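Engineer: Based on what follows, work out the 3D shape:
(one chain, ligands or ions: 4)
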Amino acid sequence: AAKDAGRGRFHFYAADLHSDAEERRQLEEDLRDAITQGNLELYYQPVVQTATERITGFEALLRWNHPQHGFISPAKFVPIAEDAGLIVSIGEWALRTACQDLAQWPDDVRVAVNVSPLQFANPALPSMVTSALASAGVMPDRLELEITESVFLGDDTGTEAMFRALKGIGVRLALDDFGTGYSSLGYLKRAPFDKIKIDQSFVRGATQPGSRNGAIIASIVSLAEALGMETTAEGVETLDELDLVRMLGCSHVQGYIYERPLSAPATQTRLATGLMAIARGPRSARAAR
Ligand code: C2E
Ligand code: MG
Ligand code: MG
Ligand code: MG
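Structural biologist: Numbers count the residues shown, from 1 in each chain. Ligands and ions are numbered 1, 2, ... in the order given. Down below sits the predicted model:
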């Protein structure tokens, strides 16, 4: 019986592998169409300054509305886009669209755009960034590029030259998902980040008794402060988590406790109605439930 079960599992597994590969290939094809047919959208999640509880900016997050399957998460399609090299054109579209949307927002609000390691390795990135800023007519310091630790796996000279070129343009740089990758303190010394984004895996569970996450967050914050960098705690969902990351000194917070990512029109409405400060009351209670 054990052997049968084993065989059964194997067949099941093999079938899964097959359909996974098939599904990926199909999604890759559909993704090419998504770019040209306008099925990609950017949503914007508020980034809130802890001291003032004001929105200082928004992170642009890709959304794909697939004609048959409906909404597909970027956690699923961004890796496919990376493997297929499509992330370079998708990334350019995202950067240009985010800058165009930013141009409609108040001057003291920023936008953060995620940049894939593949884009970061592309020598054309700085001129593309310059062109996106210029055609939207926005100041470079209103744009923040989020990159992950994996860019440091590439060639050192290229990486350092890219950092210099981007800082030369005057855009801000944020280190995304800090603590999840190949964390080395060496590159914090070399790379001119303006902000460290503390990955939500550290926030999650930080309020549980005996958790070491709070100690880790506190040391990232003191490291960042010593280096003159801001910190954003990602994925803050509950009031307890919000209170904790505030107490630990994170300068900014992003998470469902304040707001989920909003469509561009909803972002526009939020800003136009002057609701810059976010009320913690009812919204917090709702999110904490
Ligand atoms: P990320 O850059 O770390 O973005 C933060 C993710 O956390 C977003 O997921 C956001 O919706 C989610 N999030 C925010 N607050 C909370 C919370 O309180 N709780 C929970 N559970 N999640 C929260 P999303 O939008 O699904 O994006 C996933 C990832 O896809 C992003 O992670 C980023 O790595 C990638 N991505 C999204 N848009 C782009 C893009 O334009 N370019 C590239 N290269 N990657 C992108
Ligand atoms: Mg990000
Ligand atoms: Mg992140
Ligand atoms: Mg992430």
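Engineer: list the contacts for the closest residue to residue 85 other than its chain neighbours?
Structural biologist: Excluding its sequence neighbours, the residue lying closest to residue 85 (CB to CB, 6 or more residues apart in numbering) is residue 118, at 6.9 Å. C-beta here means a position set from N, CA and C on the backbone, and glycine is covered the same way. Residues near residue 118 by CB atoms under 8 Å, 6 or more residues apart in numbering: 82, 85, 87, 88, 91.
Engineer: Could I have the PyMOL command that selects the buried members from those residues?
Structural biologist: Selecting only the buried entries of those in PyMOL, with 16 or more other CB atoms under 10 Å as the criterion:
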select buried, resi 82+87+88+91
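Engineer: Redo the contacts of residue 118 as JSON lines? Include distance to residue 238, pLDDT and secondary structure.
Structural biologist: Shown next, in JSON lines, are those (distance: CB to CB, whole Å; pLDDT from 0 to 100; DSSP: H, G, I helix; E, B strand; the rest coil):
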{"residue": "82", "distance to residue 238": "32", "pLDDT": "95", "secondary structure": "helix"}
{"residue": "85", "distance to residue 238": "39", "pLDDT": "93", "secondary structure": "coil"}
{"residue": "87", "distance to residue 238": "33", "pLDDT": "96", "secondary structure": "helix"}
{"residue": "88", "distance to residue 238": "38", "pLDDT": "95", "secondary structure": "helix"}
{"residue": "91", "distance to residue 238": "33", "pLDDT": "97", "secondary structure": "helix"}
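Engineer: Output the longest strand belonging to the protein.
Structural biologist: The longest strand of the chain (DSSP state E) is strand 54-66.
Engineer: which of the residues in that one are buried?
Structural biologist: For strand 54-66, a neighbour-count test (16+ other CB under 10 Å) marks 55, 56, 57, 58, 59, 60, 61, 62, 63, 64 as buried.
Engineer: Ligand 3 versus residue 182, what's the distance?
Structural biologist: 16 Å (CB to the ion, to the nearest Å).
Engineer: I'd like to know how many residues surround that residue.
Structural biologist: Look at residue 182: counted by other CB atoms under 10 Å, it has 10 neighbours.
Engineer: cool, the one 3 residues further on as well?
Structural biologist: Residues lying near residue 185 (other CB under 10 Å) number 8.
Engineer: In contact with it: list those residues for me.
Structural biologist: Counted by CB under 8 Å, 6+ apart, residue 185 has contacts residue 223.
Engineer: quick one: pLDDT of it?
Structural biologist: Residue 185 is assigned a pLDDT of 79 by the prediction.
Engineer: Could you do residue 14 as well?
Structural biologist: Looking at residue 14, its pLDDT reads 53.
Engineer: repeat for the one 4 residues further on
Structural biologist: Among the per-residue scores, residue 18 holds a pLDDT of 61.
Engineer: so where does the nearest residue to residue 252 once chain neighbours are set aside fall, helix or strand?
Structural biologist: Excluding the flanking residues, the one nearest residue 252 by CB to CB, 6+ apart is residue 232, at 4.1 Å. Assigning secondary structure by DSSP states H and E places residue 232 in strand 230-233.
Engineer: average pLDDT across that strand?
Structural biologist: Across strand 230-233, pLDDT averages out at 98.
Engineer: Quick check: which helices or strands does it pack against?
Structural biologist: Packing partners of strand 230-233 (3 or more CB pairs under 8 Å, 6 or more residues apart in numbering; DSSP states H and E): strand 195-198, helix 213-226, strand 252-253.
Engineer: buried residues in stretch 135-154?
Structural biologist: The neighbour-count check on stretch 135-154 (16+ other CB under 10 Å) flags 136, 138, 140, 142-149, 151-152 as buried.
Engineer: Would you reformat those residues as JSON lines and include distance to residue 39 and secondary structure?
Structural biologist: Supplementary listing: the buried residues of stretch 135-154 in JSON lines, determined by distance: CB to CB, whole Å; DSSP: H, G, I helix; E, B strand; the rest coil:
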{"residue": "136", "distance to residue 39": "22", "secondary structure": "helix"}
{"residue": "138", "distance to residue 39": "26", "secondary structure": "coil"}
{"residue": "140", "distance to residue 39": "30", "secondary structure": "helix"}
{"residue": "142", "distance to residue 39": "27", "secondary structure": "helix"}
{"residue": "143", "distance to residue 39": "25", "secondary structure": "strand"}
{"residue": "144", "distance to residue 39": "26", "secondary structure": "strand"}
{"residue": "145", "distance to residue 39": "24", "secondary structure": "strand"}
{"residue": "146", "distance to residue 39": "23", "secondary structure": "strand"}
{"residue": "147", "distance to residue 39": "26", "secondary structure": "strand"}
{"residue": "148", "distance to residue 39": "25", "secondary structure": "strand"}
{"residue": "149", "distance to residue 39": "30", "secondary structure": "helix"}
{"residue": "151", "distance to residue 39": "28", "secondary structure": "helix"}
{"residue": "152", "distance to residue 39": "33", "secondary structure": "helix"}
